[in-house]
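Asks: sequence-free structure coming up:
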Ligand SMILES: CC[C@H](O)CC(=O)C(=O)O
Ligand SMILES: [Mn+2]
């Protein structure tokens with residue numbers, strides 16, 4: 001039976017969905033449950049990674065180091081991962097996260113900008129962390145480019161390279177060609193991270209695993225940016241039915257999803273007009289709540305903001321454009 005390693009991102013991608021308001025008690029309870037269920041890795045950080053708490057990305061209610069420390073203190077089987085986007089998080093942030101108990105780092109860049117991650121990936125290895133490269137907005141680059149950038153990550157020392165469908169814009173064949181190409185070109189493991197904006201997250205996840213990905217992300221109750229991620233507890237069941245081993249106790253995972261995650265959710269995780277447009281136009285999922293706020297502020301339609309950003313090929317880090325676009329639409 002082939003083994004798939006599932007990484008739960010509820011406590012990081014889900015941070016976008018709860019406007020970065022996780023409390024220490026919530027994180028501790030979720031961490032305890034994930035550890036009991038046998039989830040090998042789970043991620044804890046601001047939605048935009050270490051150092052993300054800011055006016056630009058949204059202020060965290062609780063210092064993320066406290067959240068990482070609380071999560072790590074519950075772990076006997078699982079390890080805590082942190083996300084680091086160079087330029088938002090620093091090498092010092094990573095060192096602090098390790099002191100707080102993190103054992104894995106995922107260094108994330110736009111799909112064409114892997115070269116900015118060299119120092120952070122090298123530091124991850126020096127600190128003895130499981131070190132991962134995370135190519136965001138992978139739908140925006142052709143396969144050859146994704147391979148070129150993934151090879152850079154591997155050359156810096158990444159032990160896993162992820163194809164990340166940040167916008168939930170991919171179809172299964174987009175996933176298959178990218179993962180197969182990486183599997184042929186790299187010796188390290190391949191991972192996949194989905195968003196469900198077009199209701200394709202599970203189909204894309206299955207395509208990724210069948211193409212050779214062995215690390216897969218999910219979030220409980222799909223708690224993540226936009227329409228959320230592949231739902232972890234459903235994925236455990238689906239992958240088992242396909243004959244893959246996850247090592248996760250489904251009942252224990254369902255308990256965390258029901259007793260801890262569901263009560264935290266500020267709204268049901270569903271495909272709304274805005275999240276659908278994210279996938280349709282290929283826009284970063286974390287832009288959704290910012291676009292809704294800008295739509296209200298300027299009295300314009302959130303769909304028009306997101307569609308315009310998609311046409312402009314806006315990428316992560318350009319959050320200020322959301323408000324500029326809203327203002328231009330108001331004036332038009
Ligand atoms: C803003 C970072 C982003 O949320 C990372 C991620 O999960 C993605 O690109 O999908
Ligand atoms: Mn994501």
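Replies: Yes, it's here. All figures in this text were calculated on a predicted structure; none of them were measured in a lab. Ligands and ions are numbered 1, 2, ... in the order given.
Asks: Tell me the bridge partners for residue 8.
Replies: In this structure, residue 8 has the following beta-bridge partners (DSSP bridges): residue 42, residue 218.
Asks: and it, what does it touch?
Replies: Taking CB atoms under 8 Å, 6 or more residues apart in numbering as the contact definition, residue 8 lies against 34, 39, 41-43, 217-220, 232. All C-beta spots, glycine's among them, are computed from the backbone N, C-alpha and C.
Asks: Look up how far residue 13 lies from the residue in the stretch 51-200 of the chain that ligand 1 sits nearest to.
Replies: Closest contact between the stretch 51-200 of the chain and ligand 1, by CB to the nearest ligand atom, is at residue 166 (3.2 Å). According to CB to CB, to the nearest Å, residue 166 stands 10 Å off from residue 13.
Asks: And those two? Which one has more around it.
Replies: Neighbours per residue, other CB atoms under 10 Å: of residue 166 and residue 13, the larger number sits with residue 166, 32 against 28.
Asks: mind listing what that one touches?
Replies: 136-138, 193, 195, 284-286, 316.
Asks: list residues touching both of residue 166 and residue 13?
Replies: In contact with both residue 166 and residue 13: no residue, using CB under 8 Å, 6+ apart.
Asks: Write out the residues of the protein neighbouring ligand 1.
Replies: Among all residues of the chain, those adjacent to ligand 1 (criterion: CB under 6 Å from any ligand atom) are 13, 47-49, 108, 136, 164, 166, 193, 225, 285-286, 316.
Asks: so where do the helices sit in the stretch 101-250 of the chain?
Replies: Secondary structure of the stretch 101-250 of the chain (DSSP state H, counting those that start in this stretch): helices located at 118-126, 143-156, 172-185, 201-211, 232-241, 250-256.
Asks: and residue 305, which of the ones you listed is closest to it?
Replies: Closest approach to residue 305 among the helices of the stretch 101-250 of the chain is made by helix 201-211 (23.3 Å; CB to CB).
Asks: hang on, the earlier thing: buried subset of the contacts of residue 166?
Replies: Members of the contacts of residue 166 that pass the buried threshold by neighbour count (16 or more other CB atoms under 10 Å) are listed as 136-138, 193, 195, 284-286, 316.
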